[in-house]
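Chemist: here's my sequence, what's the structure:
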Amino acid sequence: MLKRFFDIISSLVVLTMGLPFFILIAFLIGIDSKGGVFFIQQRVGKDNRNFGLFKFRTMRSDSKKGSQITVGERDPRITKIGYFLRKFKLDEFPQLLNVIKGDMSIIGPRPEVRRYVELYSIEQLNVLSVRPGLSDFASIEYINENELLGKSEDPEKTYIEEIMPAKLELNLKYIEQKSFVTDIKLIFKTIGKILK
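Modeler: Now for the predicted structure:
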């Protein structure tokens, strides 16, 4: 109950205070490339249920035709403003709407697309026992995931065989240690990592 209350209040505060900045981001996205301001992608949430995850659009409008993995600076689908938004995780802010709706929490395992969830082992499926979040141990550890994939000759294989299992192990670690205090620590660690 405390976690949900904190999620709602903190999301409303950030969205209210950041509204002028978010309007500016929307304007820059609009003049940088054709397409909508937001991108909605189907992700898998608590209890293995799909939901639409909100993000500021960082790719060109026809990018759905390509891979679901982005590969850092060499990915031609990402717009100019998109690189900036991704670098500082600003594209993630609309997910606060998902938090208010109850699809997500501030802290929890990052939600994955169905395609990769279907590859989970029985143990790994335990990450779906909690609400997904904006950040957790795995998000902090792999904050430069796109750059790592950009160095790989086969990003898809690297993600499935190396990065995804490692992230899921950290997701399960969060579930074992989850508490309000852990969440607060992870919030500050996430902010520090982004600023650093």
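
Chemist: Ile53 should be in a strand, yeah?
Modeler: One correction, residue 53 is Leu, not Ile. Yes - under DSSP: H, G, I helix; E, B strand; the rest coil, Leu53 falls within a strand.

Chemist: which secondary structure elements does the helix or strand of the chain with the lowest mean pLDDT sit against?
Modeler: Every helix and strand in the chain was compared by mean pLDDT, DSSP states H and E; the lowest is helix 145-150, with a mean of 82. Applying 3 or more CB pairs under 8 Å, 6 or more residues apart in numbering; DSSP states H and E, we find helix 145-150 packed against helix 155-158. Backbone N, C-alpha and C define where each C-beta goes, glycine included.

Chemist: what residues sit buried inside the helix it packs on?
Modeler: Pro155, Thr158 (16 or more other CB atoms under 10 Å).

Chemist: related to what we said a few turns ago, how about the least confident helix or strand of the chain: buried residues?
Modeler: Glu145, Asn146, Leu148, Leu149.

Chemist: count the neighbours of the nearest residue to the third one once chain neighbours are set aside for me.
Modeler: Think Leu148. Spatial nearest neighbour of Leu148, excluding adjacent residues (CB to CB, 6 or more residues apart in numbering): Ile163 at 6.9 Å. Neighbour count for Ile163, taken as other CB atoms under 10 Å: 19.

Chemist: Throw the buried residues of helix 145-150 into a markdown table and include distance to Tyr120, thanks.
Modeler: Shown next, in a markdown table, are the buried residues of helix 145-150 (distance: CB to CB, whole Å):
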| residue | distance to Tyr120 |
| --- | --- |
| Glu145 | 18 |
| Asn146 | 22 |
| Leu148 | 21 |
| Leu149 | 20 |
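
Chemist: so what's the residue of the chain most remote from its centre up against?
Modeler: Residue farthest from the centre of the chain, counting by CA atoms, centre = their mean, is Ile31 at 24.3 Å. If you count contacts by CB atoms under 8 Å, 6 or more residues apart in numbering, Ile31 has none.

Chemist: helix or strand for it, which one?
Modeler: Secondary structure from DSSP states H and E places Ile31 in helix 19-32.

Chemist: now swap in Thr16 and tell me
Modeler: helix 2-17.
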